[in-house]
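A.B. asks: Fold the following and give me the result.
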Amino acid sequence: MLERELKNLSDEIVDMLIRKNQDYDNAFFKLLEKYGDLVFLIHLEEKMQRLSSLINKEPNFEKKEDTIKDIIGYCLLYITYKRGKT
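C.D. replies: I've put the predicted structure just below:
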């Protein structure tokens, strides 16, 4: 059961990443090329700040889960970039 749930969740996150990356025209990779690894840390810190804010109150729009998926997504994109598979 857990294995299937993890697979479904990871597929969901990857599908989201593909759609967002297309919508944003590979912006994250372009920023990494231009400014370096610090871009990843800045995006991650921004998402962590958002998550901290969402945990401390009931959000109006974004779900906590969406922010967590974004954090996972940035981590996956960064690993992919570092492996040279962009």
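A.B. asks: so how far is residue 10 from residue 28?
C.D. replies: Residue 28 is 19 Å from residue 10, where distance means Cβ to Cβ, to the nearest Å. C-betas here are computed from N, CA, C, even on glycine.
A.B. asks: quick one: which of the two has more around it?
C.D. replies: residue 28 (22 against 12; other Cβ atoms under 10 Å).
A.B. asks: quick one: the more buried one and residue 73 touch, right?
C.D. replies: No - here residue 28 does not reach residue 73: they are 9.2 Å apart, not a contact under Cβ atoms under 8 Å.
A.B. asks: for this structure, which spans come out with low pLDDT?
C.D. replies: Where the chain drops to pLDDT under 70, the residues are 59, 85-86.
A.B. asks: any chance you could map the helices in it?
C.D. replies: 2-23, 27-35, 38-55, 64-82 (DSSP state H).
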